[in-house]
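In: Next comes the sequence, and after it the predicted model I'd like to discuss.
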Amino acid sequence: MDPKRINVVAGRRAAAYDRSGMAFACATFALVLLAGLLTKPFRAHSEDFTTTDESNQTEFFSLIQRWENSSSPDLELLKRLLKLEANLPNWPLNTPREEFRGKLLTTIGNEYKNRREGPPDNVEQAISFYEAAITTYSLTAMRSHWAEAQHDVARLYADRLHGDRAENLEKAIAGYENALTVRRPDSLPNEWGQTQYYLGNALSKRVRGDRAENLERAIKAYEAALTVQRLGASPVERAKTLSNLASTYHDRVLGDRGDNIEQAIKFYREADKIFLRETFPQMWGWTQSNLGNVYIDRLKGSRADNIDEAIKLYNAALSVLTRGTFPEDWAWTKSSLGRAYEKRPIGDVEDNLQRAIAAYDDALKVYTREAFAEDFANTQQKLGDLYFRRSGRDGTKNIELAIKAFDASLSIYTHEAFPQDWARTQHERGLALYRAPGGGSCR
């Protein structure tokens, strides 16, 4: 498999580590936030009541009571509260108006962020409410809440599907850096470490700027996070950071390539001590697969031994990343296994090629044209290469299979959408046609 492609997919897997536990964390935050809103400071100034706004105030307090008694706040209730707050000429609470509004905007943002069903613009809605909360908090002394909203909106921009990818990542990086002006290691160490971790993720995926410099900054952010993520207090967070630090060293541009790969192995091995198979099976499987990718590229040691170690690691990963339970992870690991057998320098050549073909064929059971277009095209292109390499034996059949695979790949790799992949695949298809009985035509 193309090393560049492997690194892109490995990055996708590595980034997925941070999704575990998110729902619980968000729910906990909402409960803490609600407790802060509805404790003693929210006594009404009854002397401020007027005839004009008495009806709105009555509804306002009624909705606050409903909010207090609800384990899952109703979004429409929260939005009605926000509207009432804006229309109350006399503020009836001891808590400053901007503080209340900021917390309410943040809670609405959380509700949109956590939605699993409904309109597809939930993320966009969450972003708009978080940004309104940031503006509101800037008028108050609640700097920690301002920083939290900066962090939360940055996470949404980092994964945002709408808009320009490069611009979204710039906004994410800016949000994390803003949060870090308040979240300091001496006063808010856990929050500081969390933001450093996510800043590292954004920098490692950054489109703009110098690639080498972005990765250096990502490494520094991950290393900063590790200074506060203690093994005893936050082992999962530490393991996620170690895994992403390993991935970044694997991709690193500066420094000695061989040393960078050894560092990647070291950090993945440290994460492996935390992500145990028994307690974190999926994360353990991801770690084995990512380690396999590093061993394929390893420069130190025996090439044959490194490839066989990668095969061993992929097979270990497949023992937990099954097609039935984790289909996309299974397909990704099968594709990586195919790459390992394709590159294996020892053993029977025909047997290695057949095992590589079988692994890629397995991956295509999940990587369908409709569901995973680019993965489908990439895998078909690799299959075409393998069949072409086998054309010395049973040439006609293998050439036909190679051309069929290249054609399937070119149904996605068009000149307009993927010019480089299209050109490479056309070249390989042309070589296959040259060997085919009777020749053929270019697409």
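Out: Yep, that arrived.
In: So for the closest residue to Ser319 other than its chain neighbours, what pLDDT did the model give?
Out: The shortest distance from Ser319 to any non-neighbouring residue, by C-beta to C-beta, 6 or more residues apart in numbering, is to Gly285 (7.8 Å). Yep, even glycine has a C-beta here, placed from its N, CA and C like the rest. Turning to Gly285, the model gives it a pLDDT of 97.
In: what's the helix or strand for Gly285?
Out: helix 281-297 (DSSP states H and E).
In: roughly how far is that helix from the heart of the chain?
Out: 16 Å (C-alpha atoms, centre = their mean, to the nearest Å).
In: Could you do stretch 143-161 as well?
Out: 15 Å.
In: same check, this time on stretch 419-427
Out: 29 Å.
In: Also stretch 136-146?
Out: 29 Å.
In: Repeat that for stretch 278-290.
Out: That offset, for stretch 278-290, works out to 16 Å (C-alpha atoms, centre = their mean).
In: what does it contact?
Out: 10, 13-14, 16-17, 20, 236, 239, 243, 246-247, 250, 268, 271-272, 274-277, 313-314, 316-321, 326, 329, 332-333, 336 (C-beta atoms under 8 Å, 6 or more residues apart in numbering).
In: Check which residues of that stretch are buried.
Out: 280-290 (16 or more other C-beta atoms under 10 Å).
In: Identify, from those, the entry nearest to Asp361.
Out: Ser289 (18.7 Å; C-beta to C-beta).
In: quick revisit: farthest-apart pair in the buried residues of stretch 278-290, please.
Out: Largest pairwise distance in these, by C-beta to C-beta, is 15.0 Å, between Pro281 and Asn290.
In: Write a PyMOL command that selects only the buried members of the contacts of stretch 278-290.
Out: Only the buried entries of those go into this PyMOL selection, using 16+ other C-beta under 10 Å:
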select buried, resi 10+13+14+16+17+236+239+243+246+247+250+268+271+272+274+275+277+313+314+316+317+318+320+321+326+329+332+333+336
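In: Restricted to helices, list the contacts of stretch 278-290.
Out: Judged by DSSP state H, the subset of the contacts of stretch 278-290 located in helices is 10, 13-14, 16, 236, 239, 243, 246-247, 250, 268, 271-272, 313-314, 316-318, 329, 332-333, 336.
In: Run through the stretch 1-150 of the chain and note the low-pLDDT ranges.
Out: The stretch 1-150 of the chain contains residues with pLDDT under 70 at 1-53, 116-120.
In: In PDB, list the C-alpha atoms belonging to stretch 150-157.
Out: What follows is stretch 150-157, C-alpha atoms only, in PDB (Å, rounded to 0.1, in the frame of the first residue of the first chain):
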ATOM      1  CA  GLN A 150     -13.000  28.600  23.100                       C
ATOM      2  CA  HIS A 151     -11.800  25.000  23.500                       C
ATOM      3  CA  ASP A 152     -15.200  23.600  22.700                       C
ATOM      4  CA  VAL A 153     -15.700  25.600  19.500                       C
ATOM      5  CA  ALA A 154     -12.200  24.700  18.400                       C
ATOM      6  CA  ARG A 155     -13.000  21.000  18.700                       C
ATOM      7  CA  LEU A 156     -16.000  21.500  16.500                       C
ATOM      8  CA  TYR A 157     -14.000  23.400  13.900                       C
END
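In: Now do the buried residues in that stretch.
Out: 150-157.
In: Can you name the residues that contact Ala174?
Out: Taking C-beta under 8 Å, 6+ apart, one finds Ala154 in contact with Ala174.
In: Sticking with it, tell me its helix or strand.
Out: With DSSP H and E as the test, Ala174 turns up in helix 165-179.
In: how close does the residue nearest to Gln263 when sequence neighbours are not counted sit to Ser234?
Out: Among residues not flanking Gln263 along the chain, Tyr249 sits closest, at 4.4 Å (C-beta to C-beta, 6+ apart). Separation of Tyr249 from Ser234 (C-beta to C-beta, to the nearest Å): 22 Å.
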